[in-house]
Every structure is written in structure tokens, then in C-alpha cells.
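Sequence first, predicted coordinates after that:
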Amino acid sequence: MDFPLLHDIVILLGFSVVVVFILQRFRLPSILGFLITGLIIGPYGFTLIESQEQIEILSEIGVILLLFVIGMELTVKQLSSIKRTVFYGGFLQVGLTTAITLGIFLGLGFSWTQSVFIGFLLSLSSTAIVLKILQDRNEISSPHGRTALGLLIFQDIIVVPMMLFTPLLAGSSTNLLNEILILVIKSGLIVLLTYLGARYIVPRAMYLIAKTKSKELFLLSTITLCFAVAFLTASAGLSLALGAFLAGLIISESEYSYQATSTILPFRELFISFFFISIGMLLNLDFLMENIAIVMGLVLAVFAVKGTIIAVVTALLKYPLRTVILTGLALFQVGEFSFILSRIGIEYGLLTPEMNQYFLSVSVVSMLLTPFVIIFSERISSLVLNSALNKPWQMIIKNPKLEDRSTLKDLENHVLIIGYGINGRNLAKAARYAKIPYVILELNAQIVRKERTKGEPIYYGDAVHEHILERLRIKKARVVVVAISDPSATKIIVSNVRHLSPSVYLLVRTRYVKEIESLLALGADEVIPEEFETSVEMFSRVLTNYLVPVDELENLVDTIRSDNYDMFQSKNRLPRTLTSPKIPNFKISCVRVIADQGEVTGKTINEIDVRRKFGVNVLAISRKDEMINSITPEQKILKNDLVFISGDQEHIDNFYKAVN
């Protein structure tokens with residue numbers, strides 16, 4: 001039998017393995033390898049793929065799973081914290097891009113309907129590429145990552161009204177008002193179902209599924225929820241990707257989100273590769289080479305105009321200059337939903353075949369350039385921050401509350417907490433409890449306003465600017481704690497802190513051990529990585545359960561931390577300088593007596609002959625809130641007693657069976 005799709009998948013995966021392997025040798029992103037693979041095997045390359053439409057279907061699954069995982073990694077509370085970026089920022093970005101594109105193309109002689117439609121196409125950025133790269137770089141939680149996510153969410157929502165408006169532009173729709181009304185009603189119902197599902201239905205259903213301890217059932221249930229919600233939103237006229245994102249949000253509100261994420265990740269990586277490869281297949285290399293000058297000119301124009309618009313919108317949202325630059329550089333490209341929209345434009349005559357080829361060329365080339373632009377975006381932002389542009393920008397965004405010297409003029413010997421996430425919040429609570437003076441610097445204006453009403457000494461500002469650190473009296477501080485989720489910004493802040501105050505104790509939180517060395521080199525006194533601190537806590541609990549002496553355990557933990565966790569990364573054995581006690585082969589357990597009668601219930605220790613018959617020692621008995629610590633041979637064991645016993649696991653299990 002002939003299986004064309006299987007043949008195509010083998011070719012697709014085989015070429016991608018080779019190309020991605022080669023690019024990894026040069027430390028280039030895997031996304032670039034997938035796009036190049038599409039160019040090679042596609043209809044405009046060596047034409048090795050026969051079932052291109054089926055590959056595109058598989059690629060759609062990749063986008064769905066990508067948005068599903070992103071939704072699971074967020075919560076409704078986190079999403080609500082960027083609602084201003086989603087709606088206000090997103091509306092401004094799409095509106096300004098469409099309006100400016102309209103003016104440019106009208107000047108070039110295009111009709112106003114074509115100009116508006118091209119504005120629609122250029123206003124959309126690539127959700128799949130940008131979020132994948134930001135995830136790989138651990139920057140989704142950074143200020144520019146959250147801003148990019150907010151703008152992309154709005155773009156995914158607005159693409160549906162654009163699809164409805166396209167027939168009106170072409171003069172082919174007469175019932176637009178009715179269609180929009182129906183869409184609004186359907187959208188409201190979906191939002192309501194999402195809320196009810198996240199609050200009441202899914203947590204209970206996932207609990208029942210998790211109780212079965214069946215990994216297969218848990219996987220099937222998770223994927224079913226993802227595709228069911230995606231299908232529901234698609235049926236309502238919204239995008240599949242938006243539905244997948246909502247499904248992820250539903251699961252994120254339950255305690256099963258981490259397991260669900262780990263279960264889905266391998267499938268996401270597979271199918272998302274299909275998506276990027278299918279994008280590469282769209283590029284007509286012959287057309288590109290014949291019109292290379294025009295295409296590259298258009299790409300540069302899109303880069304400059306769209307990147308500037310996004311930067312301006314981010315600035316209007318009152319983000320600092322670094323976030324403004326990084327967000328503009330991240331979202332300059334044309335997105336995958338533009339391809340779907342362009343098909344409707346061709347159908348209604350708003351795009352000619354030649355215009356569509358230019359559009360495809362510009363889109364795919366901009367996507368190919370995106371990984372490189374994001375890789376070098378940090379360097380570009382550093383150049384701008386160190387240029388003459390930085391001073392006037394600081395005057396524009398200067399926070400007037402930092403000028404309020406009344407609460408800062410007497411501050412000294414204090415803790416300066418940079419970042420008010422979970423770690424910063426807990427540190428502030430501990431400082432308040434211990435009556436240690438502290439001050440907080442946070443980049444999220446909404447959090448600052450909310451916490452100031454509660455009396456927190458919190459100020460708005462970006463710690464990458466030295467003048468803000470100076471106004472928070474860093475030279476008088478005793479300790480500075482950097483607790484943010486942006487690795488690049490963390491390095492700049494550490495350097496600034498050490499430049500302003502060589503003697504202050506500088507404690508830095510980071511996610512990965514690989515970042516410790518560079519942060520210490522920049523001047524951090526101590527770096528705490530979340531990655532291995534969790535491991536330290538876990539093995540500490542395990543060794544405590546094995547009754548390892550406390551001093552030996554503390555010695556081991558101190559050694560691991562002093563060597564920057566090298567012990568965890570090395571393949572060698574633990575250092576011989578650590579003595580290793582002989583681990584006793586017994587444990588202490590508590591067993592409730594449930595049986596009404598039998599060989600234990602109602603009998604004395606002597607009658608039962610516990611040590612000989614069961615191989616355990618009775619240490620204590622808890623009976624009706626009374627603890628019997630002195631156990632004699634005449635002591636009886638009664639129903640409902642809590643019996644504390646010691647022994648190995650096998651004998652404890654035998655005793656448990658006897659009393660149950």
C-alpha cells in the first residue's frame with residue numbers, strides 16, 4: 001500500500017533533523033532550521049513534498065498546541081494584569097499600523113480598499129514564532145515578553161472582525177451587522193463557558209481523572225479539552241489558536257497544570273516544527289530572486305514602520321525605554337494569521353496574484369529574520385540606552401513619586417527589593433515582620449498603584465537606569481535583592497548596583513545555574529538559582545527521612561552551595577571529604593487500628609508478642625487525644641488507637657494489614 005503522507009513526513013523530519021543539527025553547531029535557533037527545511041523540500045525548492053495540504057493541517061495542530069501550553073503557563077490573574085496592554089495597547093497598535101499603511105499605499109496609487117486590507121495584513125505579527133523564541137530564551141515573564149504577549153493576544157482576537165470586514169471592503173457583504181451581532185453573542189457565551197469550566201467543571205473532572213492514576217487517560221483528557229475548546233471557538237467564528245489559549249487558561253486554574261504541560265510538551269515540539277516548515281514551503285524562490293531588491297526594500301520598510309509603531313504604543317503604555325525597544329524589535333514581522341487573511345483577500349479581489357507573491361516573500365523573509373533580530377535585540381537596546389537618546393527619554397518617563405523625598409530622605413541601612421513577584425513579595429513580608437526597613441522597585445505600574453494604597457513602600461521604575469537606584473538611596477542600603485524574571489536586565493542591574501555601591505551586599509535570584517558565573521563576575525555577592533535550590537530542598541527532605549545526622553546534612557548543603565552547585569552538574573562522585581553515615585534500615589510510621597478484633601486489637605503488647613511476630617517496636621500510642629509514651633508489656637492496643645511503630649518497610653506493612 002502507498003502512504004503519501006507517511007512518505008512526506010519521513011522526508012520532512014529527515015531533512016529537518018539534518019538542517020537543525022547543522023544550525024545548532026553554529027548556535028542558531030531551531031526555528032530557522034525548520035524554515036530553511038521548508039524552503040528546500042517545498043514546491044519552490046526540490047518539490048519533495050506531495051501532500052502539502054495535509055502538512056498544513058498538521059502545522060495547524062502545532063499552533064494549537066503552542067497556544068495551549070502558553071495558556072497553561074499563565075493564569076487568569078496574570079492575564080488580567082496585562083489587560084491594559086491587550087485591549088488599549090493592541091487596539092492602538094493595530095489601528096495605527098492600518099492607518100499609516102493606508103496613507104502610504106494611497107500615496108503609491110493603490111485603491112483605499114486595497115490599502116486598508118494591506119494594513120490589516122501588516123498589522124498582524126507571528127504569535128507562533130515570537131512566543132516560541134521568547135519561551136526558549138525564558139523571557140515570556142519579562143516586561144517585553146508580557147507586552148508582546150498582550151499585543152499578540154489582541155491580534156489573534158481582531159483577526160476575526162478583519163475577516164468579516166473584508167467582504168464589506170470588496171462590496172460583497174450585505175449582512176455585516178447581523179454577522180457581528182451573532183459573533184458577539186457567541187463570544188460572550190464562550191467566555192462564560194470558559195469561566196464556568198475553569199472555576200467549577202474542569203478542576204473536578206481532572207481530579208477524578210487523576211485519581212485513576214492512568215497516564216493514558218490523563219493525556220487523552222488533556223488533549224480532548226484542548227481541541228474541544230479550539231473547535232468551539234472556531235465554530236463561533238473565532239480562531240483555533242484563541243480557543244487553544246482559552247483551554248490552557250482553564251487548566252492553569254487547577255493544580256494539574258504542571259503535569260498537563262509536561263505531558264503536552266513533546267507533542268507541541270513535534271507539531272510546531274510542521275508549522276514552521278509549512279511556512280518555509282510558501283516562499284517562491286524564483287520570484288524572490290527576480291525581485292530581491294524590491295522585496296528586501298519592502299522588508300526594511302515593514303521593519304522600520306511597524307517596529308516604530310509598536311515601540312511608540314509600548315511607550316504610551318509607560319514602559320521604560322529598554323522594554324520599548326525590545327518589544328518593537330520582537331514584533332516587527334508579518335504573522336501567520338495574515339496568510340489566512342490573504343486567502344480571503346485573493347478570493348474577493350483585494351490582492352492580485354503578483355501582490356500576493358510580494359506579500360508572501362516579505363512575510364516569510366521577515367519571519368526568517370526574526371530569530372536573528374531577537375538574538376541581537378539586547379545589544380541594540382544597550383547601544384540606545386548608552387546613547388544620547390537615553391537622557392531625554394528619562395526626563396519624559398520620570399516618575400514624579402520618586403521625587404517625593406519625604407519617605408526616602410531618612411532611609412538608610414535598608415533592603416532594596418528589585419521586582420515584586422512571588423520572591424519579592426515574600427521577602428517584603430519577612431522584612432516587615434522582622435521590622436527591617438525596606439523599599440521596593442517595580443516595573444508594573446498597576447502593581448505599584450495597588451500596593452501603594454496598602455501602604456507598601458513601592459516605587460515605579462526600571463532598575464537598569466542608575467539615577468532611579470540613586471533616588472532609592474542605594475548608597476545607603478545594606479542589602480540589594482534582584483528578584484526579576486528577565487536574565488538580560490538582571491545582568492545590567494547587577495552591573496549598575498555594583499558601580500554605584502561597591503560595598504552593598506548584592507543577592508540575585510536567577511532561574512538557571514548556568515547564569516551564576518556571569519552574575520558573580522559582574523559583582524553579585526550571592527546568586528540563588530531556582531533550578532537547583534529545589535533539588536537541594538528535595539534531597540534534604542529525603543536524607544532527613546533516612547535519619548542522616550543534621551550536622552552531616554548541613555555540611556553537604558553548604559558544600560554544594562559553596563561550589564556553585566557544581567556537584568549536581570558533575571558526573572563525578574560526591575567529594576570524599578564528606579563522611580557518609582551508615583543509613584539505618586528502619587523507619588518510623590503511624591498506623592491507625594481499624595479492626596474490631598483479631599490478632600492485635602484488644603490484646604496487650606506481651607500477648608501479641610509484637611517484636612517476634614511482626615518485627616516492629618511500639619514506640620507510643622495516641623488514644624483520645626492522650627499520648628502514651630511509656631509502653632509496658634501490659635499496655636493494650638485498642639480500636640481507633642494511633643500506634644507509632646518502628647521497623648523496616650516490609651514488617652510495617654505486615655503490622656498495617658493485621659490492624660486493618
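Yes, it's here. Since the structure is predicted, the reported quantities are computational estimates derived from the model, not experimental observations.

got the residue ranges for the helices in the stretch 451-600 of the chain?
Counting by DSSP state H, counting those that start in this stretch, the stretch 451-600 of the chain has helices at residues 466-471, 487-500, 516-522, 530-545, 550-562, 566-569.

Mean confidence (pLDDT) on the first one, please.
Think helix 466-471. Mean per-residue pLDDT for helix 466-471: 84.

One more: the fourth one?
If you average the pLDDT over helix 530-545, you get 66.

again with the fifth one
The average of the pLDDT scores along helix 550-562 is 68.

Stretch 410-430 now?
Averaging pLDDT along stretch 410-430 gives 87.

Next, work out how far apart the closest residue to K476 other than its chain neighbours and H499 are.
Spatially, and ignoring its direct neighbours in sequence, K476 is nearest to E412 (4.0 Å; Cβ to Cβ, 6 or more residues apart in numbering). C-betas here are computed from N, CA, C, even on glycine. Per Cβ to Cβ, to the nearest Å, E412 is found 20 Å from H499.

again with K454
Using Cβ to Cβ, one obtains 33 Å as the distance from K454 to H499.

who's more crowded, these two?
It is H499, of K454 and H499, that has more neighbours when counted by other Cβ atoms under 10 Å, with 12 against 7.

Just confirm the more buried one contacts E466, I think it does.
Yes. Contact criterion Cβ atoms under 8 Å: H499 and E466 qualify, at 7.1 Å.

Does K639 touch V600 like I think?
No. Under the criterion of Cβ under 8 Å, K639 makes no contact with V600, lying 9.9 Å away.

about what we covered before: count of neighbours near the residue nearest to K476?
The tally of other residues near E412 (other Cβ under 10 Å) stands at 11.

quick one: it is in a strand?
No. Under the criterion used here (DSSP: H, G, I helix; E, B strand; the rest coil), E412 is coil, not part of a strand.

Distance of Y505 relative to T212?
As judged by Cβ to Cβ, Y505 and T212 stand 51 Å apart.

what about those two, which has more around it?
Legend: neighbour count by other Cβ under 10 Å for Y505 and T212, higher for Y505 (14 against 11).

How many neighbouring residues does the nearest residue to the more buried one once chain neighbours are set aside have?
Spatially, and ignoring its direct neighbours in sequence, Y505 is nearest to V479 (4.8 Å; Cβ to Cβ, 6+ apart). Look at V479: counted by other Cβ under 10 Å, it has 18 neighbours.

Check the spacing between V479 and I436 real quick.
Distance of V479 to I436, computed by Cβ to Cβ: 9 Å.

intersection of neighbour lists for these two?
Residues touching both V479 and I436 (Cβ atoms under 8 Å, 6 or more residues apart in numbering): V415.

okay, now C590: neighbour count?
11.

Tell me how this structure divides into domains.
4-385, 398-510, 587-659 (automatic domain parsing).

can I get those domains in TSV with distance to D525?
As requested, these are exported to TSV (distance: least, Cβ to Cβ, whole Å):
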stretch	distance to D525
domain 4-385	23
domain 398-510	5
domain 587-659	40
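
Show me where the stretch 151-300 of the chain has its helices.
Here the stretch 151-300 of the chain has its helices, by DSSP H, counting those that start in this stretch, at 176-196, 202-211, 215-235, 240-252, 257-281, 285-290, 292-316.

closest one to T85 among those?
Evaluated with Cβ to Cβ, the helices of the stretch 151-300 of the chain place helix 292-316 nearest to T85, the distance being 8.5 Å.

In terms of secondary structure, what does the following helix or strand past that closest one contact?
Counting by DSSP states H and E, the element after helix 292-316 in chain order, helix or strand, is helix 321-330. The contact analysis (3 or more Cβ pairs under 8 Å, 6 or more residues apart in numbering; DSSP states H and E) places helix 321-330 against helix 143-169, helix 292-316, helix 353-385, helix 390-397.

and the angle for helix 321-330 with helix 143-169?
Calculated by axes from the mean of the first three to the mean of the last three Cα atoms, to 10 degrees, helix 321-330 forms an angle of 40 degrees with helix 143-169.

ok, E456 - how many residues close by?
Counted by other Cβ under 10 Å, the residues lying close to E456 total 19.

ok so, going back, and for K639 and V600, which residues touch both?
With Cβ under 8 Å, 6+ apart as the test, K639 and V600 both reach V593.

quick one: which of the two has more around it?
Neighbours per residue, other Cβ under 10 Å: of K639 and V600, the larger number sits with V600, 24 against 14.

From what I see, that one and K613 are in contact.
No. Using Cβ under 8 Å, V600 and K613 do not qualify as a contacting pair, with a distance of 9.4 Å.

ok, now which ones touch the residue lying closest to L317 once chain neighbours are set aside?
Take L317 and drop its neighbours on the chain: the residue closest to it by Cβ to Cβ, 6+ apart is G89, 5.2 Å away. Counting by Cβ under 8 Å, 6+ apart, G89 makes contact with 147, 150-151, 154, 313-314, 316-317.

Determine the three-state secondary structure at G89.
On the basis of three-state DSSP, G89 is classed as helix.

do you know how far it is from A148?
The gap separating G89 from A148 is 10 Å, by Cβ to Cβ.

now swap in I49 and tell me
Distance from I49 to A148, counting by Cβ to Cβ: 32 Å.

more crowded one of those two?
A148 (29 against 24).

The nearest residue to that one once chain neighbours are set aside: how many residues sit nearby?
Nearest residue to A148 in three dimensions, chain neighbours excluded: A330, at 5.0 Å (Cβ to Cβ, 6+ apart). Per other Cβ under 10 Å, the neighbour tally for A330 reads 28.

ok, now F644?
With other Cβ under 10 Å as criterion, F644 counts 19.

relative to helix 353-385, how tilted is the helix or strand that contains S338?
Using DSSP H and E, S338 sits in helix 337-347. Using the same axes, to 10 degrees, the inter-axis angle of helix 337-347 relative to helix 353-385 is 150 degrees.

picking that back up, the residue nearest to K476 and A463: what is the separation?
Distance, E412 to A463, using Cβ to Cβ: 19 Å.

now S123
S123 is 33 Å from A463, by Cβ to Cβ.

and what of E650?
Going from E650 to A463 by Cβ to Cβ gives 57 Å.

of those two, who's got more company?
More neighbours surround A463 than the other of E650 and A463, with 26 against 8 (other Cβ under 10 Å).

list the contacts for that one?
Contacts of A463 (Cβ under 8 Å, 6+ apart): 418, 441, 469, 482, 484, 489, 493, 496-497.

Over to A595?
Taking Cβ under 8 Å, 6+ apart, we find A595 in contact with 601, 639, 658-660.

Apply 7 Å and report the result again.
With contact taken as Cβ atoms under 7 Å, 6 or more residues apart in numbering, A595 is in contact with 601, 659-660.

Closest one to I292 out of these, please.
Using Cβ to Cβ, N660 comes nearest to I292 of the contacts of A595, at 79.0 Å.

Surely the closest one and I594 touch.
Yes. Assessed by Cβ atoms under 7 Å, N660 is found in contact with I594 at 5.0 Å.

Quote the end-to-end distance of stretch 47-58.
19 Å (Cα to Cα, to the nearest Å).

Stretch 638-652 too?
18 Å.

what's the answer for stretch 72-88, then?
End-to-end span of stretch 72-88 (Cα to Cα): 24 Å.

same check, this time on stretch 72-86
18 Å.

Pull the distance from stretch 643-651 to the chain's centre.
Relative to its parent chain, stretch 643-651 has a centroid offset of 44 Å by Cα atoms, centre = their mean, to the nearest Å.

Apologies, that question was intended for stretch 55-62.
Worked out by Cα atoms, centre = their mean, stretch 55-62 lies 23 Å from the chain centre.
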